[in-house]
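**Q** Using only what follows, build the 3D model:
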Amino acid sequence: MKKLILFLGIASSALLITTSLAGQCVPDDNCVDINEPGEICPAQLPSGVIGQAYRQSITILPPDSAFALSQQISIAYIVVDSVTNLPPGLVYTSYDEKFYPGTKYCIDISGIPTTAGEYTLAIHVEPFVNFKFGNITTVISGGPVVDDSSIVVAISSGTGINPLQTNKFQILSARPNPFNEKTRLGYFIPFDDEVVLQVFNILGEEIYHEVMMGRHGENYFEFDGAQLDRGAYFYGITHKSAWHTGKFIKVD
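**A** Predicted structure coming up:
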């Protein structure tokens, strides 16, 4: 859940895009505006994978006021000008042209991502405010602003690397598993350093040992098990004090 704090002339809140998808999203009932004004849920969307279809919904509770010139200004509704810094391949879809206070709205983010990374969306909006002049109240534009809330979308390469933890040592699953002759045991390392692979049989006896100087990024041990008997084997990958274990199956 992410709080929407508005500053007219500086920030506002909402999402919109002009394209459409079949099937309208449903607002999340668990998204509650606790402190007011405005709320957006969730702040962190589930991760996506390059080349795989992605669709998630965002729930928005438009604020009823904004802060400007040391006073609260009444919001009539909000319109979106644009949404930038989307993961390449993804778009937003809104089913409403205007977002009115007191009503929950939802927006879809969908498509097929093409580039890995962590993306913090920038939402460019135009709030329309209730302006009172004497006994007359009219609705006027508050001017284009950029929402001060942030929604983060992480896209992975499909290897299993968590793009939100690229400062940590990570292990990739053995592929293929089961295997006939060869399999790849991968890992991600945030800096160049030594990494050790050990393979054990079911009796706990070490049958293979390899030391690799890993380079920053994804690395792979190319394990040749063609001469092994069929069955289960265990492996350990060590980096400094980190020790990761896994299991793979040799088949004919």
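**Q** Spatially nearest residue to Ser110, not counting backbone neighbours?
**A** Of all residues not flanking Ser110 in the chain, Arg55 sits nearest, at 4.0 Å (C-beta to C-beta, 6 or more residues apart in numbering). Using the backbone N, CA and C atoms, a C-beta is placed for each residue, glycine as well.
**Q** er, Asn177 I mean
**A** Phe248 (4.6 Å).
**Q** so the one you found makes contact with Tyr233?
**A** Yes - when contacts are counted by C-beta atoms under 8 Å, Phe248 is listed as touching Tyr233 (5.8 Å).
**Q** now the end-to-end length of stretch 75-93.
**A** Start and end residues of stretch 75-93 are separated by 23 Å (C-alpha to C-alpha, to the nearest Å).
**Q** sorry, that was for stretch 59-78
**A** Start-to-end span of stretch 59-78 (C-alpha to C-alpha) is 15 Å.
**Q** Please apply the same query to stretch 172-188.
**A** So stretch 172-188: terminal residues 8 Å apart, C-alpha to C-alpha.
**Q** The residue nearest to Tyr105 when sequence neighbours are not counted: how many residues sit nearby?
**A** The shortest distance from Tyr105 to any residue other than its chain neighbours is 4.7 Å, reached at Ile60 (C-beta to C-beta, 6+ apart). By other C-beta atoms under 10 Å, 28 other residues sit near Ile60.
**Q** Secondary structure of the residue nearest to Ser110: a strand, I assume?
**A** Yes - counting by DSSP: H, G, I helix; E, B strand; the rest coil, Arg55 is located in a strand.
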